[in-house]
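Asks: Requesting a structural model of the entry that follows:
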Amino acid sequence: MNYQQTLDYMLAQLPMFHRIGAAAYKADLGNTLELCELTNYPYRFYPTIHIAGTNGKGSVSHFLSSILQEGGKKVGLYTSPHLRDFRERIKINGEMISKEYVIDFVEKYKNDFDRIEPSFFEMNVALAFSYFADEKVDIAIIETGLGGRLDSTNVINPLVSVITNIGYDHTQFLGDTLAKIAFEKAGIIKPQVPVVIGQSHSETQSVFRRHAAEMHAEIHFADEHIEIENILYTLNERPLLSGKVIADHQLYLENLNSPLAGSYQPYNIVTTIQTARLLEEMGWPTYPEMVKKGIEKVIENTGFSGRWQMLNRNPLTICDIGHNVDGIKEVVKQIKLTPHHQLHFVFGVVSDKDITGMLSLLPKKAVYYFCKADLPRALDVFTLKEMASGFGLNGEAYSSVVEAKDAATNNAKENDLIFIGGSAFVVAEVV
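Replies: Numbering: from 1, shown residues only. Predicted coordinates:
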């Protein structure tokens with residue numbers, strides 16, 4: 001098979017959660033363990049960092065990769081979903097996995113895949129683990145997909161576990177309270193492996209403390225150790241977030257500038273820095289100046305995109321993959337911080353999210369351009385328009401994301417703002 005045939009096989013033969021939703025979800029590790037045995041447990045050949053959470057996993061994963069790269073390390077990075085190219089999910093020092101490796105891996109194990117019938121995600125995990133071993137990475141950063149306890153990645157024994165935050169997402173699988181969701185995420189905590197919790201919350205703190213105690217794992221709530229003061233958001237050639245970092249009441253960095261400039265990024269930076277401090281205690285070179293360089297060069301080092309990303313200066317066009325209630329809250333907050341006259345909002349969602357919760361947060365004075373991403377799981381655009389009208393959100397329906405974006409661009413005047421989001425898959429079609 002050539003690369004496209006290989007990719008078609010992976011997409012067509014194996015259920016994939018991000019395209020079809022619940023039908024692809026498997027609540028056990030049986031297939032993953034069978035694939036690990038088949039591939040000789042490749043994750044045992046390098047140390048790992050394991051990252052779970054409702055929002056912020058991608059940002060923290062890429063920040064940590066960039067920091068370790070600045071320390072001269074060969075860093076494997078496994079994340080999901082991808083925006084443009086499937087190979088974005090599996091990178092080493094910002095370089096995507098080769099098409100040849102993907103082809104060879106699938107050809108080598110195709111008969112076994114047909115027998116085991118793994119999900120798309122399970123196959124990807126096995127592919128990433130094997131690739132990192134064959135390429136002899138110094139360390140790999142592994143992001144969970146959905147949840148934690150029963151996630152396909154949860155076979156590793158990392159140097160440190162990280163849980164960024166807890167919010168309402170995938171409640172049909174993870175539970176309908178923050179405590180239940182925290183229980184699933186806490187499943188990545190391993191015996192005697194330190195865990196960093198990005199954000200303290202009264203409903204989840206006891207869950208994490210209990211799990212950590214059961215595992216004899218040292219627990220660190222990042223926001224109890226790290227503060228960012230004098231936060232400033234600017235938008236010149238590109239968005240920028242700057243501030244002073246205090247660690248345990250002492251100056252850690254005088255002036256940090258992050259090109260990931262969403263209003264939610266301070267949480268992710270706090271989580272990243274506390275994790276880096278733990279790694280430094282373990283002998284990994286992650287001293288403050290390296291942390292500063294890694295954060296400031298995260299896009300350059302890792303190719304990260306889709307987080308409060310400026311697509312055009314005139315008219316000002318920004319996208320963000322915030323795709324649940326907590327994500328939309330932060331998007332709306334950031335829009336208010338961005339000077340503009342009229343807001344043009346290109347909006348599409350997938351059908352299994354808390355759509356009414358998201359719609360209830362959106363600004364009513366915006367002009368909306370409703371659209372549907374090109375995947376089966378996306379909500380029908382006319383259904384979305386009708387639901388939105390019930391919340392006083394008015395606009396037109398468009399047959400594609402690009403058509404909606406073009407309409408917004410044509411309508412926008414000087415000093416207007418175009419925002420594109422609601423789903424990672426909407427953003428994927430414009431970045």
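
Asks: Next one: the spatially most central residue of the chain relative to residue 321, how far apart?
Replies: For the chain, residue 58 is the residue whose C-alpha lies nearest the centre (CA atoms, centre = their mean; 3.0 Å). Distance, residue 58 to residue 321, using CB to CB, to the nearest Å: 8 Å. All C-beta spots, glycine's among them, are computed from the backbone N, C-alpha and C.

Asks: cool, residue 338 as well?
Replies: Residue 338 is 17 Å from residue 321, by CB to CB.

Asks: Repeat that for residue 346.
Replies: 13 Å.

Asks: residues contacting the residue nearest to the centre of the chain?
Replies: 79, 143, 304, 307 (CB atoms under 8 Å, 6 or more residues apart in numbering).

Asks: In contact with residue 431, which residues?
Replies: 83, 84, 305, 306, 309, 311, 319.

Asks: Which of those residues fall within strands?
Replies: 309, 311, 319 (DSSP state E).

Asks: JSON lines for the residues you listed, including neighbour count and distance to residue 149?
Replies: Below are those laid out as JSON lines (neighbours: other CB atoms under 10 Å; distance: CB to CB, whole Å):
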{"residue": "309", "neighbour count": "23", "distance to residue 149": "32"}
{"residue": "311", "neighbour count": "15", "distance to residue 149": "37"}
{"residue": "319", "neighbour count": "27", "distance to residue 149": "32"}
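
Asks: of all these, which comes closest to residue 178?
Replies: Taking CB to CB as the measure, residue 178 sits nearest to residue 319 out of the ones in strands among the contacts of residue 431, at 28.1 Å.

Asks: With neighbour numbers in mind, choose between residue 338 and residue 321.
Replies: Counted by other CB atoms under 10 Å, residue 338 and residue 321 do not tie: residue 321 has more neighbours, with 26 against 16.

Asks: quick revisit: touching both of residue 346 and residue 321, which residues are there?
Replies: residue 421.

Asks: quick one: low-confidence parts of the stretch 101-250 of the chain?
Replies: 168-176 (pLDDT under 70).

Asks: As a check, name the ranges of all strands in it.
Replies: Using DSSP state E, counting those that start in this stretch, the strands of the stretch 101-250 of the chain run over 139-143, 160-163, 195-197, 219-221, 226-235, 239-247, 250-258.

Asks: Can you list the helices and strands that the fourth one packs against?
Replies: Spelled out, it's strand 219-221. Counting contacts by 3 or more CB pairs under 8 Å, 6 or more residues apart in numbering; DSSP states H and E, strand 219-221 packs against strand 195-197, helix 205-214.

Asks: Report the distance from the longest one to the chain centre.
Replies: Put plainly, it is helix 205-214. Helix 205-214 has its C-alpha centroid displaced from the chain centroid by 24 Å (CA atoms, centre = their mean, to the nearest Å).

Asks: That one: which residues count as buried?
Replies: By 16 or more other CB atoms under 10 Å, the buried positions in helix 205-214 come out as 205, 207, 208, 211, 212.

Asks: Put the alpha carbons of that helix into PDB.
Replies: Output of helix 205-214 as PDB, limited to C-alpha atoms (Å, rounded to 0.1, in the frame of the first residue of the first chain):
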ATOM      1  CA  GLN A 205      -9.100  18.200  45.200                       C
ATOM      2  CA  SER A 206     -10.100  15.400  47.500                       C
ATOM      3  CA  VAL A 207     -10.400  12.900  44.600                       C
ATOM      4  CA  PHE A 208      -6.800  13.600  43.600                       C
ATOM      5  CA  ARG A 209      -5.500  13.600  47.100                       C
ATOM      6  CA  ARG A 210      -7.100  10.200  47.800                       C
ATOM      7  CA  HIS A 211      -5.800   8.600  44.600                       C
ATOM      8  CA  ALA A 212      -2.300  10.000  45.200                       C
ATOM      9  CA  ALA A 213      -2.300   8.700  48.800                       C
ATOM     10  CA  GLU A 214      -3.400   5.300  47.700                       C
END
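
Asks: Helices along the stretch 1-150 of the chain, start to end?
Replies: For the stretch 1-150 of the chain, applying DSSP state H, counting those that start in this stretch gives helices covering 3-13, 17-20, 30-38, 57-70, 99-116, 120-134.

Asks: Show me the one of these that comes nearest residue 355.
Replies: It's helix 17-20; of the helices of the stretch 1-150 of the chain, that one is closest to residue 355 (CB to CB) at 16.7 Å.

Asks: picking up where we left off before, distance to residue 112 and pLDDT for the contacts of residue 431 - can I get that in a markdown table?
Replies: Below are these laid out as a markdown table (distance: CB to CB, whole Å; pLDDT from 0 to 100):
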| residue | distance to residue 112 | pLDDT |
| --- | --- | --- |
| 83 | 30 | 91 |
| 84 | 29 | 90 |
| 305 | 34 | 93 |
| 306 | 34 | 92 |
| 309 | 39 | 94 |
| 311 | 42 | 96 |
| 319 | 39 | 96 |
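
Asks: got those as CSV, with distance to residue 389 columns?
Replies: As requested, the contacts of residue 431 are exported to CSV (distance: CB to CB, whole Å):
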residue, distance to residue 389
83, 30
84, 32
305, 32
306, 28
309, 29
311, 27
319, 24
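
Asks: now, which of the residues you listed sits nearest residue 37?
Replies: Nearest member of the contacts of residue 431 to residue 37, counting by CB to CB, is residue 83, at 32.4 Å.

Asks: ok, residue 418 touching residue 314?
Replies: No: using CB atoms under 8 Å as the test, residue 418 is too far from residue 314 to be in contact (10.6 Å).

Asks: Mind picking the lowest-pLDDT entry from the contacts of residue 58?
Replies: For the contacts of residue 58, the model is least confident at residue 307; its pLDDT is 91.

Asks: can you pull the pLDDT of the nearest residue to that residue once chain neighbours are set aside?
Replies: Leaving out its chain neighbours, the residue that sits closest to residue 307 by CB to CB, 6 or more residues apart in numbering is residue 260, at 5.2 Å. We have a pLDDT of 95 for residue 260.

Asks: quick one: contacts for residue 260?
Replies: Applying CB under 8 Å, 6+ apart to residue 260 gives the contacts 59, 63, 241, 268, 298, 299, 304, 307, 308.

Asks: Would you check how far apart residue 256 and residue 421 are?
Replies: 26 Å.

Asks: which of these two has more neighbours?
Replies: residue 421 (25 against 20).

Asks: from what I can see that one touches residue 319, true?
Replies: Yes: with contacts counted by CB under 8 Å, residue 421 reaches residue 319, the gap being 5.9 Å.

Asks: re the thing from before, from the buried residues of helix 205-214, which is closest to residue 29?
Replies: For the buried residues of helix 205-214, the nearest to residue 29 is residue 211 (17.6 Å; CB to CB).
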